[in-house]
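# Quick check, what structure comes out for this input:
(one chain, ligands or ions: 1)
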Amino acid sequence: MKVIFHQRFYEVYTSDPAAAPGRMEPMVEELEKEFDTFDGAKPRFLNRGKKRRSVSTLSIPRGLVLSAVEGSGRGVEWVEFVEPEPASEKDLERVHGRQHIQWVKGDPMVYEIGLLAAGGAILAGEIAFDGEPAFGLIRPPGHHASAHSCWGFCYFNNIAIAIKRLISEEKIKSALILDFDLHYGDGTSNIFSNSKEVSYFHPEGTNRETFLKDLQRSLQTERSYEIIAVSAGFDRHKDDWGGLLKTEDYLSIGRWVKEFALENCRGRRFGVLEGGYNHSVLGRNVKSFLQGLRD
Ligand SMILES: [Zn+2]
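Next up, the predicted model:
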C-alpha cells in the first residue's frame, strides 16, 4: 500500500497540537520499520515530479520496491512512501469559498503546507481509485473545515477535496466517508449535507464496545459506494484525549473497512490522518490501522 507523505509535514506551522513538533516523526518511524529495501537504505520517496502522470505509473512492479522482511518472524510487511504535489486552487474551490482560501493564504506557511496536505489526500484518493489502498499521512487535518470557515486545527477539508476531485474527473459518483476521529467532522458533514451520493458517518458510543459495534454495524448495513474514504483520527485511543480504544482496535477497524471496500466499493479504500495527539502511541496506532486496511 502507498503512504503519502512530504517532508514539509514535519514543519511546525502553528502552535496547535496538530502542528506540534515531533508529532509526525513517530508515525514515519513506525512505518519505516516495515521497510527493508534491498540495500537496507531508508525508504525511497517516489516523487511524481511536475508533470501530471497517470496514476497507473505509480504502480511500480511490486518486486522492485517491495520491502520483504522475511525470516524476521513478522512475515512480509510492506508499505511505500509517495510524495504529493500541492493541490491547485481549482481543487480548493470545489470545496471552499474564495474568501476562505484568501484568508488561509494570509499565512503563507499554513497555506503552502495546507496545499500539500490537500494534495496528499487527492493522491491517496487517486491511488485508491486505481485499485491500491492508500493513506495520507498529512497535516494540517481537515474535517473541521467547512466551505467558508474552519476551526479545530483545520484549514482545508482534505478528504472532501479528494472526493470532489474524483467526482469532477467523473471517476466516481458516490462515496462513503467514515470518520472515526474522537470529534465529529462538522466540516465534512456540512460540505456534503445536500449530497445524496456522498454519505458521512461518524460512529458514536460511550464505551469501547458500543463504539466499535456502532462502527461495524454501520459498515454492515451501508449500501454500495464507489469508494470508501476514512477520516482517521487517533485521538479516541485510551492514552489520547478520548481514552477509549486500544491499539488493536485500529487493526479491526482497518480490516472492516477493507472488507466493506471489497464487498461494496470494488476494493477502493483510502484514509487520511485527522487527529491524534499522544506522540508515544500515534505510530503504533497508525501502523495498526494500515495493517488492517492493506491487502
Ligand atoms: Zn479529533
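# what's around Leu290, how many residues?
Leu290 has 25 neighbours, counted by other Cβ atoms under 10 Å. (Glycine included, C-beta is placed from N, CA and C.)
# so what's it up against?
1, 3, 31, 79, 135, 254, 271 (Cβ atoms under 8 Å, 6 or more residues apart in numbering).
# Kindly recompute the last result at 6 Å.
Contacts for Leu290 (Cβ atoms under 6 Å, 6 or more residues apart in numbering) come out as Phe135.
# ok, now how distant is it from Thr210?
As judged by Cβ to Cβ, to the nearest Å, Leu290 and Thr210 stand 25 Å apart.
# Please point out which parts of the lengthiest helix in the chain sit buried.
Secondary structure assigned by DSSP state H gives helix 108-129 as the longest helix of the chain. The neighbour-count criterion (16 or more other Cβ atoms under 10 Å) identifies 110-111, 113-129 as the buried residues of helix 108-129.
# How about the residues of the stretch 51-200 of the chain by the ion?
When proximity is defined as Cβ under 5 Å from the ion, the stretch 51-200 of the chain approaches the ion at 181-183.
# could you redo these as JSON lines and give each row secondary structure?
JSON lines is the format used below for these (DSSP: H, G, I helix; E, B strand; the rest coil):
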{"residue": "Asp181", "secondary structure": "coil"}
{"residue": "Leu182", "secondary structure": "coil"}
{"residue": "His183", "secondary structure": "coil"}
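# Now restrict those residues to buried residues only.
Among these, those that count as buried by neighbour count (16+ other Cβ under 10 Å) are 181-183.
# Considering the residues you listed, which is situated nearest to Thr14?
Set against Thr14, the nearest of those by Cβ to Cβ is His183 (17.7 Å).
# how far away is the closest one from Val281?
For His183 relative to Val281 (Cβ to Cβ), the value is 18 Å.
# Please name the nearest non-neighbouring residue to Lys246.
Among residues not flanking Lys246 along the chain, Lys238 sits closest, at 6.2 Å (Cβ to Cβ, 6 or more residues apart in numbering).
# and the residue in the chain that the ion sits nearest to, helix, strand or coil?
Residue nearest to the ion within the chain (Cβ to the ion): Gly275, separated by 2.9 Å. For Gly275, the assignment made with three-state DSSP gives coil.
# mind listing what it touches?
Contacts of Gly275 (Cβ under 6 Å, 6+ apart): 181, 233, 235.
# Could you dump the residues of the stretch 51-200 of the chain next to the ion into TSV with distance to Ala175 and pLDDT added?
What follows is these, written out as TSV (distance: Cβ to Cβ, whole Å; pLDDT from 0 to 100):
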residue	distance to Ala175	pLDDT
Asp181	17	98
Leu182	22	97
His183	21	98
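# Throw these into JSON lines and include distance to Lys171, thanks.
Shown next, in JSON lines, are these (distance: Cβ to Cβ, whole Å):
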{"residue": "Asp181", "distance to Lys171": "26"}
{"residue": "Leu182", "distance to Lys171": "31"}
{"residue": "His183", "distance to Lys171": "29"}
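# wait, which of those residues is closest to Gln102?
His183 (26.3 Å).
# Distance check, the residue of the chain closest to the ion against Glu169.
Taken as Cβ to Cβ, the span from Gly275 to Glu169 is 29 Å.
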